[in-house]
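**Q** Sequence and computational prediction follow.
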Amino acid sequence: MDAKLCAYWGMTSCQPLGWTPPEPWDQLSATFKGADGWIRLHTNAPHHKAAVLRALDGASTFEAVTEVISRHPVATIEERILAENGAAARMIPWAEWQSHRQGKALAEAPLVEWVQKPGEASRRLQQKPFHDGRVLSGIRVLDLTRVLAGPVATRTLAAFGAEVLRIDPAGWDDPGLLQDTTVGKQCAGLDLHSSADRKRFEALLRDADIFVHGYRPGALDRLGYGAAVLDHINPGRIDVSLNAYGWQGPWMARRGFDSLVQFSSGIADICAGANGAPGKLPLQGLDHAAGYLMAACCMEALRHARSGRIMAARTSLARIAWSLCQARQDMTVETSLPVLTEDDYAPEIEMTEWGPLKRLRAPLSVSFAPMFWTSPAGRLRRHAAEWAA
């Protein structure tokens with residue numbers, strides 16, 4: 001493993017040649033000071049931004065939002081935004097988080113929750129050879145993840161040869177991230193409120209080996225795809241999932257993103273500056289750690305499938321943050337990195353829909369299973385919702 005490349009992959013894996021990716025962060029996805037503390041908003045998605053504007057009585061500029069928030073306790077602002085189905089997090093000190101009901105629930109949970117499902121893995125998975133150079137060749141991964149953590153997981157699986165089919169609804173976009181997260185994948189679109197698209201989704205799920213998703217508890221149920229329905233469609237699938245705040249406790253269904261979980265879980269407090277202003281990790285560390293952990297879970301579940309066992313695994317950004325905060329005294333955070341050289345990039349130029357780019361070499365070297373991608377990054381919903389023949 002190359003430590004320098006690992007760090008740079010945590011920021012971006014590519015250097016665009018002659019073009020500039022869109023800015024992934026909305027202006028209001030920022031930190032604001034309230035009457036009694038600090039709060040972080042997340043407004044990258046249009047519906048989340050609309051929720052914030054409703055909660056703040058229509059304040060829409062950075063200056064107006066700053067003024068409104070400054071007049072209220074941060075817990076009040078947080079509650080108003082969450083009530084509008086938005087995403088925000090007030091800064092909670094690490095000491096307070098440890099005694100918080102959600103913090104206690106995380107402390108009692110394992111980093112990865114494993115469940116052995118009833119039944120037996122498919123004969124195909126039991127007999128699948130994993131030593132042919134592309135160790136995941138022939139493995140079908142149905143990807144219902146967005147933004148960063150889940151897409152990092154499925155990008156990793158694609159690098160080892162898995163066929164990854166990402167499904168997104170109409171209107172969703174991950175601006176500024178897709179050149180990093182869609183490499184090696186097929187990207188299709190389905191509307192799970194449409195009867196025709198639901199049939200297509202169920203056909204894809206029926207033939208999938210691994211189902212990866214980032215839905216909060218209850219969200220798939222509301223779409224009509226609770227655990228019993230999914231098991232009826234494909235009882236032999238491997239299921240690996242992620243949410244923001246954990247799978248137990250009062251916050252398990254709460255919306256969250258890496259930047260917000262850092263605020264809630266003590267990281268912003270631990271990284272705070274001398275003036276008490278919130279700090280942060282030098283990259284989206286929770287997302288990337290979660291992504292690689294999910295990919296490892298998929299591979300471990302495939303190992304179990306060789307002996308017929310069907311495994312499901314789940315983790316959360318907040319549980320990863322808990323482990324990170326506990327281990328902080330044994331960690332050193334480097335704020336500067338060695339400069340990249342031409343040798344750090346793969347020799348091939350990747351031709352994407354936006355323009356050419358150079359992609360960093362894979363940070364992990366496995367002698368019998370090299371990591372590489374066979375298709376370029378591209379926009380969402382550009383492929384048909386079907387498995388390769």
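**A** Arrived safely. These numbers were taken from a predicted model, which means no experiment stands behind them.

**Q** alpha carbons only for contacts and neighbour counts from here, please
**A** Will do.

**Q** Give the phi and psi angles for the residue located most distally from the centre of the chain, as a check.
**A** Computed with C-alpha atoms, centre = their mean, the maximum C-alpha offset from the centroid of the chain is found at residue 71, amounting to 33.6 Å. The phi/psi pair for residue 71 (degrees, to the nearest 10) reads phi -90, psi 0.

**Q** Find the nearest non-adjacent residue to it, please.
**A** Counting by C-alpha to C-alpha, 6 or more residues apart in numbering, residue 71 lies nearest to residue 35, which is 5.5 Å off, once chain neighbours are set aside.

**Q** how close does the one you found sit to residue 59?
**A** Distance of residue 35 to residue 59, computed by C-alpha to C-alpha, to the nearest Å: 17 Å.

**Q** More neighbours: which of the two?
**A** residue 59 (17 against 13; other C-alpha atoms under 10 Å).

**Q** which element is that one on?
**A** Remark: residue 59 resides in no helix or strand, with elements defined by DSSP states H and E.

**Q** Run through the residues that contact it.
**A** The contact partners of residue 59, taken as C-alpha atoms under 8 Å, 6 or more residues apart in numbering, are 53, 65, 68.

**Q** those helices in the stretch 1-150 of the chain, which residues are they?
**A** Applying DSSP state H, counting those that start in this stretch to the stretch 1-150 of the chain gives helices spanning 3-9, 46-55, 62-70, 74-83, 94-99, 101-107, 123-127, 149-159.

**Q** in what helix or strand does residue 269 lie?
**A** Residue-wise, residue 269 maps onto helix 267-270 under DSSP H and E.

**Q** By mean pLDDT, flag the weakest helix or strand of this structure.
**A** Using mean pLDDT, DSSP states H and E, the weakest-scoring helix or strand in the chain turns out to be helix 123-127, at a mean of 85.

**Q** Closest to residue 256 out of the contacts of residue 59?
**A** For the contacts of residue 59, the minimum distance to residue 256 (C-alpha to C-alpha) is 17.8 Å, reached by residue 53.

**Q** So that closest one sits against residue 60, correct?
**A** Yes - using C-alpha atoms under 8 Å, residue 53 is in contact with residue 60, at 6.1 Å.

**Q** Which of these two has more residues huddled nearby?
**A** Using other C-alpha under 10 Å as the criterion, residue 53 and residue 60 rank with residue 53 on top: 20 against 17.

**Q** show me what contacts the residue positioned nearest the centre of the chain?
**A** For the chain, residue 149 is the residue whose C-alpha lies nearest the centre (C-alpha atoms, centre = their mean; 1.9 Å). For residue 149, the contacting residues are 286, 287, 288, 289, 290, 291, by C-alpha under 8 Å, 6+ apart.

**Q** change it to 6 Å
**A** Residue 149 makes contact with 287, 288, 290, 291 under the criterion C-alpha atoms under 6 Å, 6 or more residues apart in numbering.

**Q** Could you report the pLDDT at it?
**A** pLDDT recorded at residue 149 is 97.

**Q** Then the one 3 residues further on?
**A** Reading off the per-residue confidence, residue 152 sits at a pLDDT of 97.

**Q** Kindly report the same for residue 186.
**A** At residue 186, the predicted lDDT confidence score is 98.

**Q** Helix, strand or coil: sort out the residue nearest to it when sequence neighbours are not counted for me.
**A** With sequence-adjacent residues excluded and distances taken as C-alpha to C-alpha, 6+ apart, residue 186 is closest to residue 165, at 4.8 Å. Under the three-state scheme (DSSP: H, G, I helix; E, B strand; the rest coil), residue 165 adopts strand.

**Q** For residue 165, give the beta-bridge partners.
**A** residue 142, residue 186 (DSSP bridges).

**Q** Just list the residues touching it, thanks.
**A** By C-alpha under 6 Å, 6+ apart, the contact list for residue 165 reads 142, 143, 186, 187.

**Q** so where's the stretch 51-200 of the chain shaky on pLDDT?
**A** Within the stretch 51-200 of the chain, the segments meeting pLDDT under 70 span 130-132.

**Q** State which helix of the chain is the longest.
**A** In the chain, with assignment by DSSP state H, the single longest helix is helix 285-305.

**Q** how far is that helix from where the chain is centred?
**A** 12 Å (C-alpha atoms, centre = their mean, to the nearest Å).

**Q** so what strands line up beside the helix or strand just after it?
**A** Using DSSP H and E, the helix or strand that follows helix 285-305 towards the C-terminus is strand 310-316. If you go by DSSP bridges, strand 310-316 pairs up with strand 113-117 (antiparallel), strand 238-243 (parallel).

**Q** can you list the ones you listed in JSON lines and add distance to residue 93?
**A** Listed next are the strands paired with strand 310-316 as JSON lines, based on distance: least, C-alpha to C-alpha, whole Å:
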{"stretch": "strand 113-117", "distance to residue 93": "26"}
{"stretch": "strand 238-243", "distance to residue 93": "22"}
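
**Q** Of those strands, which is nearest residue 75?
**A** The nearest among those, by C-alpha to C-alpha, is strand 238-243 at 22.3 Å.

**Q** Considering the contacts of residue 165, which possesses the most neighbours?
**A** residue 186 (27 neighbours).

**Q** if we can go back for a sec, now do the buried residues in the least confident helix or strand of the chain.
**A** 125, 126 (16 or more other C-alpha atoms under 10 Å).
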